[in-house]
Structure formats: C-alpha cells, structure tokens
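**Q** just coords:
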C-alpha cells in the first residue's frame, strides 16, 4: 500500500502547479472574496483564470410552465453575463488572462466538466459557512465539490475586511500553515504547500497536532509511566516531521516545523490565529474515488471555522 501511494505521489509531483484556476461565482460576498484570492495567486503564478457562473437548470418545471421557465432562464443568463464582468477590476482585466463563462445546467456537473475540459489545477470557491458548530454547508455546492474534485480547492469564508486592504483587489499572502498528519500521503499536501509558498513568496510552517486523547486512554496507568509514554510519542512525532522536511524541503526555502498537543482542529485554528497565518493547507483523506470521507473530520471543522482560506488537497487512498 505504501509503495502504491508513493508511486502516485511521484506522478503527482510532476503535475503540481497553479496555472489554470477556476473560480465558481454566485455573486455573493464570499464568491467575490474568492475572486480576490484567485487574482492574487494568478498574479504570482501567471495563471489563467476561469470565472464561471452556472444558471441552475429548471428543466423539471418545463413540463408545467415551458414558456415561463425558458424566459426566466434566459433573463438569469443575460443578467449573469453582465454581472460577471463587474467582478473583475478594470486594471486586472488588462493584466491577466481571464475567461468568463456563463452556463445553464446542473451546477455540480457543469463545474466538474470545466475542471476536466480546461485541465484546471486549482479551484477557488467562496463558502457560506456558519461560525458555530452544527449544520454547516451540508448539501451546498462547496461541500459537494470538496467530496468530488480531483484537484485542490481553496475555500474562502469568514474573511475579515482587513485582508482586502491592498491595491488592485489583491490580498497579502505572507504566511502559510500546512497541517499534516505525517502519514505516507503527507508528501502530497506538502508539495502543494511548497508550490503555493514559492509562488506567493510566503513563509511556510508545517505543523502536526498530537491528539491528547491518545494519552487520556491511558489515564489508569501510573503517572510516571504516562508521562514517559507521552515524551516518547512526542519524540517519535518530531522525528517523523523532521524526516518529512528533510525529504521534501527545497534547498532554497526555509520551512518551520512545529509539534502541538490537543484536539487537532482546535490547535490548528488557534495556531493559525496566534501566528497570523494567511492560508491553511491540509489533506482530504479518501476511502476511494467514489466519495471522500470528509464530513465529521478534522478537515471539515477547520474549513468550516477558519478565519482564513483553507486549501484542501485530495488524497486518494483506495
């Protein structure tokens, strides 16, 4: 299994880039912020930008109201063609390779079709996440894309206005956090984090969180033995993290390594906020190619609650 994962990793390395970026928009504030981040990355990587709006297909209503349905779709389509142009600052329109697309159909299938047809490397997407635990965007387009996309997705939600206070609609990306589980597939997320840091000139920190529950389960043992086991586990984790950096760190890049303790999603969010991170990168584990085991995971909580964009990298284990 490990050999298979590493073989796929080797193949993926040659394909890692941010040269063709898709931004699905619904003209909400989160999707406008997503355009801002996509423009920022495109400016640093010379990427082509596809800004896409899908007018939902209402064909189910055609049988009852054919004329009314057609006219409504036509009006939505024409309005979207006008609105999508307003998302691009005039200065940026002349500076970048930007293609705007408006389609009618199933939102999921049309977006996945664009990803495949245009060989998209990255999707940048606004989310309508809630601040509190509980139901989030279950059933939403973003959540479904996180399950299905074969490429990384940068989700943008809860971003404060101070993140948008520079010229030409760009944002400042100076610090990137890669939260790794130091599994065999960690190298994939690591490479995407390195590429993003290199392209944006950001400083990269790689962190692993040791879950305290591993030690709570041993609470019935002697305190001295428990502390000794904790120290041994921490040293083992630090060694694995150091080995990951030794293998993957480019010689011309400085990367900070950090080991934290606690609930993984809480520590990732706290560290990100305390250190002023601009983007969090993490892996989305998968049981196979049919559907990603995403809901209820550390990744789901981080994406839902993060105050900065989260780059979710798909990793197929099946």
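**A** The structure has been received and is ready for your questions. Only a predicted model underlies this, so the values are computations on that prediction, with no experimental measurement involved.

**Q** hey, where'd the strands end up in the stretch 1-150 of the chain?
**A** Secondary structure of the stretch 1-150 of the chain by DSSP state E, counting those that start in this stretch: the strands cover 20-24, 48-56, 98-105, 122-126.

**Q** elements contacting the second one?
**A** With contacts defined as 3 or more CB pairs under 8 Å, 6 or more residues apart in numbering; DSSP states H and E, the packing partners of strand 48-56 are strand 20-24, helix 29-45, helix 66-86, strand 98-105, helix 107-117. (Each C-beta comes from the backbone N, C-alpha and C, glycine too.)

**Q** may I see the buried residues of it?
**A** Neighbour counts over strand 48-56 (16 or more other CB atoms under 10 Å) mark 48-55 as buried.

**Q** equivalent analysis for stretch 233-248, please.
**A** Result for stretch 233-248 [16+ other CB under 10 Å]: buried residues 237-238, 241, 244, 248.

**Q** and which of those residues is nearest residue 183?
**A** When those are ranked by distance to residue 183 (CB to CB), residue 244 comes first, at 10.1 Å.

**Q** any idea how far that closest one is from residue 257?
**A** 8 Å (CB to CB, to the nearest Å).

**Q** what touches both of the two?
**A** residue 206 (CB atoms under 8 Å, 6 or more residues apart in numbering).

**Q** show me what the residue nearest to residue 275 when sequence neighbours are not counted is bridged to.
**A** Nearest residue to residue 275 in three dimensions, chain neighbours excluded: residue 175, at 6.6 Å (CB to CB, 6 or more residues apart in numbering). Judged by DSSP bridges, the bridge partners of residue 175 are residue 203.

**Q** show the pLDDT at residue 175.
**A** Looking at residue 175, its pLDDT reads 97.

**Q** who are the contact partners of it?
**A** Residues in contact with residue 175 (CB under 8 Å, 6+ apart) are 202-203, 205, 275-279.

**Q** and it, how far from residue 30?
**A** Using CB to CB, residue 175 is found at 22 Å from residue 30.

**Q** same list (the strands of the stretch 1-150 of the chain) but as a markdown table, adding distance to residue 303 and mean pLDDT.
**A** Shown next, in a markdown table, are the strands of the stretch 1-150 of the chain (distance: least, CB to CB, whole Å; pLDDT from 0 to 100):
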| stretch | distance to residue 303 | mean pLDDT |
| --- | --- | --- |
| strand 20-24 | 16 | 96 |
| strand 48-56 | 21 | 93 |
| strand 98-105 | 25 | 93 |
| strand 122-126 | 11 | 94 |
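
**Q** inside helices: which ones of the buried residues of stretch 233-248?
**A** Among these, the residues falling in helices (DSSP state H) are 237-238, 241, 244, 248.

**Q** quick one: secondary structure of the nearest residue to residue 277 once chain neighbours are set aside?
**A** Ranked by CB to CB, 6+ apart and with sequence neighbours excluded, the top spatial neighbour of residue 277 is residue 177, at 4.4 Å. The local conformation at residue 177, judged by DSSP: H, G, I helix; E, B strand; the rest coil, is strand.

**Q** go on, the one 4 residues further on?
**A** Secondary structure for residue 181, judged by three-state DSSP, is coil.

**Q** in contact with it, which residues are there?
**A** Neighbours of residue 181 in contact, by CB under 8 Å, 6+ apart: 208, 283.

**Q** and the one 5 residues further on, by the same measure?
**A** Contact partners of residue 186, counting by CB under 8 Å, 6+ apart, are 180, 244, 283.

**Q** and of the residues you listed, the nearest to residue 93?
**A** Closest to residue 93 out of the contacts of residue 186 is residue 283 (35.2 Å), distances taken as CB to CB.

**Q** number of residues surrounding the closest one?
**A** Close neighbours of residue 283, defined as other CB atoms under 10 Å, add up to 24.

**Q** what's the answer for residue 280, then?
**A** Other residues within reach of residue 280, judged by other CB under 10 Å, total 27.

**Q** when you give positions from now on, start the count at 660
**A** Noted, 660 is the first residue going forward, which turns the last one into residue 939.

**Q** quick one: buried residues of stretch 906-916?
**A** Quick answer for stretch 906-916 (16+ other CB under 10 Å): 907-908, 914.

**Q** turn these into TSV, including pLDDT.
**A** TSV is the format used below for these (pLDDT from 0 to 100):
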residue	pLDDT
907	93
908	93
914	96
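
**Q** out of these, flag the one nearest to residue 695.
**A** Minimum distance to residue 695 across the buried residues of stretch 906-916 is 26.6 Å, recorded for residue 914 (CB to CB).

**Q** wait, the closest one sits on residue 905?
**A** No - using CB atoms under 8 Å, residue 914 makes no contact with residue 905, being 10.4 Å away.
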